[in-house]
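Peer 1: Model the following, please.
(chains A and B)
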Amino acid sequence: MLNLKSLFQQSPITSPMTVNKSNVNQTEPVLRAENVDIYYGDFLAVKGISMDIPKNRITAFIGPSGCGKSTLLRCYNRLNDLIKIFRIGEQSKIYYHNQNLYAPDIDPVEVRRRIGMVFQKPNPFPKSIYDNIAFGPRLNGYKGDMDELVERSLRGAALWDEVKDKLKQSGLSLSGGQQQRLCIARAIAVQPDVILMDEPCSALDPISTLRVEDLLHELKEQYTIVIVTHNMQQASRVSDMTAFFNVEPTDKGGRMGYLVEYDRTEVIFQSPKEESTREYVSGRFG
Amino acid sequence: MNNDEFNADLLKRSPGSPRTLFGILMTGLTFLSAGIALLPLVAVIGFVIAKGGSRIKLGVFTELPPTAYQVDGGGFGNAIQGTIILVVIAALISIPIGVLAAVYLTEFGKGTKLADWIRFFTNVLSGVPSIIVGVFAYGVIVLNLKNLGIGNGYSTFAGGFALSILMLPIIVRATEESLKLVPPEVRQAAVGLGATNFQTVSWVVLPAALPAIITGTTLAIARAAGETAPLLFTALFSQYYLPLSEKGPNALYEPTASLAVLVYNFATRPFENQKELAWAASLILVLMVLLTSIISRIATSRKVY
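Peer 2: As a prediction, this is how the structure comes out:
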């Protein structure tokens, strides 16, 4: 069993793995996809993804609609298990700290407690702000001071000052931007290792978006973040690493997503190796 | 009209045009229909109040039903007690089963053949005439209790069981509809935080759907409280209070009075006193149902989704 507390306190600088791989501005991989194929029924939706997600970095997934970036994101915490026809290829492996998440003896519930998720549409529970935050820790049987944890989580999501006087009000009474930060606070309240974000700003106005982006910069000191975004400026502003996915039609009339290029964000946006990446990031298609 | 000249008259209302007249006619028709639809309710309540209101005294809530030759006095305290106990038994059986069945249909068995069949048969059940449900309860409970030598079989419990079968499909459907209204994103949020399916349902989905579930349950209770047919050969009738204080729960093996059966019995008798009591009992029954609905409305006025 992984000790989460020790993972938190471990600074990436002192980690022995970091020293070995410090040559490419990269820390040890937290998540590693190996030859991941994703099927919906018999239909191959995403093909052959292999990539490492570095620790304490923000990794952005960009690409046109239908390229499978959200689908891949949801594989990392096995949220796709909720979809009945979803299936991962037999040779596909997703490692989390060297443990294959799709090994038969893995409990998806335990995976999701360590790899949190923030969704596209803010989805607070129809409960009070306090109970929204306390939900996850209560699930885990958190024994510490709940008030303190709620405050810390809300501060972590830069929401505390706005809601500290109305913690008993419904989470649904907040504005869209506040709701999304509430969802981020809810995600960090369970002290996850990784936070997956599926277009977290697409339903927000530009000012709320900026606040969430500022927040991401603070969060990455403690968490590994993977963010799916349609907004290229956002990817270039917030992320350290960027993966560009594309989609192509298949013989059978379907569409199949694949990874085109994965590199440091500056490289993807300034000197990508692939022509299609260059066209996409400069806004010529997609 | 080209760009030569603008005729402002064309924009003005023309009261006599067929289009306007037809619109007014149809609007009036819908209003009239709405009024007609409301009429039976108003008429029933008005009629019951007019006929039964004058007979409501304190005594009707406490005294026992009068015999045929008792020219005045008497009441139906035992029938009020019986109706409440019958409905409580029915609710205790049907609410847990109905709510959990609906949870299975929407949360766990969604899209499976089994769930489709359960849903189909629940709908069939809601269409079964209540007299058939009474016959079923007679066969399953009354006869078996009799064979086991527990009283003569006709019992409060059998009546409550019959009513629970009538309530079940209403509760399943109301709960299923309200669970469907809870957005899938909220379920995903709970699952994403590491909640198991059961935790997601019990901590998030059910609380969110609770107001609508209570409303549906109240409807079912109102329906059950007014049913007569299933009680005619299950709970039968009794001239006396259920002997709860003497026999405790065993009293439920004895027949009980109920408002609905009292109305049925007394309304068809030739004795004036009993007829008047039938009207008074109808009024009390209507008020009990109304009160339940109002209380549940107030209790659940907070809408979640």
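
Peer 1: Name the nearest residue to A:Tyr130, sequence neighbours excluded.
Peer 2: The shortest distance from A:Tyr130 to any non-neighbouring residue, by C-beta to C-beta, 6 or more residues apart in numbering or on different chains, is to A:Leu167 (4.2 Å). Quick note: C-beta positions are derived from backbone N, CA and C, even for glycine.

Peer 1: before we move on, what about A:Gln91?
Peer 2: A:Gln91 sits nearest to A:Asn35 (C-beta to C-beta, 6+ apart), 5.6 Å away.

Peer 1: B:Lys51 now?
Peer 2: In space, not counting the residues next to it along the chain, B:Lys51 is nearest to B:Trp279; the distance is 4.0 Å by C-beta to C-beta, 6+ apart.

Peer 1: secondary structure class for the residue nearest to A:Tyr130?
Peer 2: At A:Leu167, secondary structure determined by DSSP: H, G, I helix; E, B strand; the rest coil is coil.

Peer 1: Tell me the confidence at the residue in chain A positioned nearest to chain B?
Peer 2: Going by C-beta to the nearest C-beta, chain B is nearest to A:Arg113 of chain A, at 3.3 Å. Turning to A:Arg113, the model gives it a pLDDT of 90.

Peer 1: So it is in contact with A:Pro192, correct?
Peer 2: Yes - with contacts defined as C-beta atoms under 8 Å, A:Arg113 counts as touching A:Pro192 at a distance of 7.2 Å.

Peer 1: more neighbours, those two?
Peer 2: Here A:Arg113 and A:Pro192 are set side by side on neighbour count (other C-beta atoms under 10 Å in any protein chain shown), and the busier one is A:Pro192, at 26 against 22.

Peer 1: Quick check on the more buried one: phi, psi?
Peer 2: The phi and psi torsions at A:Pro192 (degrees, to the nearest 10) take the values phi -80, psi 180.

Peer 1: show me the contacts for it.
Peer 2: By C-beta atoms under 8 Å, 6 or more residues apart in numbering or on different chains, the contact list for A:Pro192 reads A:Arg113, A:Arg114, A:Ile115, A:Gly116, A:Tyr223.

Peer 1: Spatially nearest residue to the last one, not counting backbone neighbours?
Peer 2: Spelled out, that is A:Tyr223. A:Ile195 (5.1 Å).

Peer 1: Can you give me the buried ones in stretch B:284-297?
Peer 2: By 16 or more other C-beta atoms under 10 Å in any protein chain shown, the buried positions in stretch B:284-297 come out as B:Ile284, B:Leu285, B:Val286, B:Met288, B:Val289, B:Thr292, B:Ser296.

Peer 1: Sorry, slip of the keys, the one I care about is stretch B:269-278.
Peer 2: Going by neighbour count (16+ other C-beta under 10 Å), the buried part of stretch B:269-278 is B:Asn273, B:Gln274, B:Lys275, B:Glu276, B:Leu277, B:Ala278.

Peer 1: tell me which element the fifth one is part of?
Peer 2: In this case it means B:Leu277. With elements taken from DSSP states H and E, the one containing B:Leu277 is helix B:272-299.

Peer 1: just checking, what packs against that helix?
Peer 2: If contacts are counted by 3 or more C-beta pairs under 8 Å, 6 or more residues apart in numbering or on different chains; DSSP states H and E, helix B:272-299 sits against helix B:18-52, helix B:58-62, helix B:77-103, helix B:206-226, helix B:259-267.

Peer 1: swap the cut-off to 6 Å and go again
Peer 2: With contacts defined as 3 or more C-beta pairs under 6 Å, 6 or more residues apart in numbering or on different chains; DSSP states H and E, the packing partners of helix B:272-299 are helix B:18-52, helix B:206-226, helix B:259-267.

Peer 1: Quick one: mean pLDDT over stretch B:60-80.
Peer 2: In this model, stretch B:60-80 carries a mean pLDDT of 89.

Peer 1: Got the phi and psi for the closest residue to chain A within chain B?
Peer 2: Per C-beta to the nearest C-beta, B:Gly194 is where chain B lies closest to chain A, at 3.3 Å. Note on B:Gly194: backbone dihedrals following degrees, to the nearest 10 are phi 90, psi 30.

Peer 1: give the contact list for it.
Peer 2: A:Val109, A:Arg112, A:Arg113, A:Leu139 (C-beta atoms under 6 Å, 6 or more residues apart in numbering or on different chains).

Peer 1: With A:Glu110 as the reference, measure out to it.
Peer 2: 7 Å (C-beta to C-beta, to the nearest Å).

Peer 1: residues in contact with A:Lys121?
Peer 2: Contacts of A:Lys121 were listed using C-beta under 6 Å, 6+ apart, and they are A:Ala203, B:Glu185.

Peer 1: Checking it next. Helix, strand or coil?
Peer 2: Three states are possible here, and by three-state DSSP the one that applies to A:Lys121 is coil.

Peer 1: how many neighbours does A:Arg87 have?
Peer 2: Burial of A:Arg87 is recorded as 18 neighbouring residues (other C-beta under 10 Å).

Peer 1: And the one 10 residues further on, by the same measure?
Peer 2: When neighbours are counted by other C-beta under 10 Å, A:His97 registers 15.

Peer 1: Kindly report the same for A:Gln222.
Peer 2: Residue crowding around A:Gln222 was assessed by other C-beta under 10 Å; the count is 17.

Peer 1: Please apply the same query to B:Lys113.
Peer 2: 8.

Peer 1: Per-residue pLDDT of it, please?
Peer 2: Confidence at B:Lys113, expressed as pLDDT, is 93.

Peer 1: Check which helix or strand A:Asn246 maps to.
Peer 2: Short version, using DSSP H and E: A:Asn246 is in strand A:241-249.
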